[in-house]
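Trainee: Let me see the structure of the following:
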Amino acid sequence: MTILVTRPEPAAAELVTRLRTHGRHAWSLPLIEFTPGRDLDALPQKLAALRPGDLVFLLSQQAIRYAHPALQRGGTAWPGDVDYYAIGRSTALAWHTVSGLPVDYPHARETSDALIQLNRLQKVAGKRALILRGNGGRELLAETLLERGADVSFCECYQRCNKQYDGATEGRRWRDRGITTLVVTSGEMLQQLFSLFPAIDREEWLLHCRLLVVSERLATLAGELGWQDIQVADGADNDALLRALL
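Mentor: Numbers count the residues shown, from 1 in each chain. Coordinates of the predicted model:
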């Protein structure tokens, strides 16, 4: 088994290093990179508008990576009287490390689908909900909170930018290295991976690879694109991916 990890840095390099420590042949091809979001300057004001008991959602470690320094630069602290929610364990740990504040998260899977099932989020009518995220992304969380009566707003803390590669060159590179397993952690990256390579590479190699994804939703999308050997990891963090790959 030779593995290609497509998640962004630095997570891709970390996973590749851990796989190689376990004797696996692994390489990285990050499909996206991150830059600061357009709403960072407005974050202090958005937080100041929250009332005790309102909700803040941290949808990725990248949101924390950009939001926390922005608050520090402005001499602003995270409010201690609101409720914080993270998309999963890794994001929750990153949040608690920088803030020292409590945070709730779904323990089963690191997805929006699991997050909205939390008992504490079933009755949110009248509360304000601030979602810290990247540009675009799924709207399931916001739509569900709105349906339950919350007043939802967003803060774009970072932007995802597609990394540019020459598909024909990369197709030759990874076929020559004998890649048989692909690791993909978002629908955006799955579509990008599918579109990157020439049709002949997709038909002769890419769609024959084993594909490791992080949710049933991604598995369904992968099946629609033509993959057949699809595995769903029990989480989106590197620990879960490593367990699945070993």
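Trainee: In space, what's closest to residue 79 - neighbours in sequence excluded?
Mentor: Nearest residue to residue 79, sequence neighbours excluded (CB to CB, 6 or more residues apart in numbering): residue 47, at 5.7 Å. For every residue, glycine as well, the C-beta is placed using N, CA and C.
Trainee: what's the answer for residue 65, then?
Mentor: Using CB to CB, 6+ apart, the nearest residue to residue 65 is residue 158, at 7.3 Å.
Trainee: How about residue 165?
Mentor: residue 196 (6.2 Å).
Trainee: hang on, that neighbour packs against residue 167?
Mentor: Yes. Contact criterion CB atoms under 8 Å: residue 196 and residue 167 qualify, at 4.7 Å.
Trainee: Among the two, which residue is more densely surrounded?
Mentor: residue 196 (22 against 13; other CB atoms under 10 Å).
Trainee: and the longest strand seen in the chain, which residues are buried?
Mentor: In the chain, taking DSSP state E as the definition, the longest strand is strand 151-162. Across strand 151-162, burial judged by 16 or more other CB atoms under 10 Å covers 152, 154-160.
Trainee: Also stretch 111-127?
Mentor: For stretch 111-127, by 16+ other CB under 10 Å, it's 111-116, 121, 124, 127.
Trainee: Let me see the contact set for the most centrally placed residue in the chain.
Mentor: In the chain, the C-alpha nearest the mean C-alpha coordinate belongs to residue 60, at 5.7 Å (CA atoms, centre = their mean). Taking CB atoms under 8 Å, 6 or more residues apart in numbering as the criterion, residue 60 is in contact with 87, 91, 133-134, 158.
Trainee: who does the lowest-mean-pLDDT helix or strand in the chain touch, helix- and strand-wise?
Mentor: Scoring the helices and strands of the chain by mean pLDDT, DSSP states H and E places helix 112-115 at the bottom, with a mean of 88. When contacts are defined as 3 or more CB pairs under 8 Å, 6 or more residues apart in numbering; DSSP states H and E, helix 112-115 packs onto helix 140-147.
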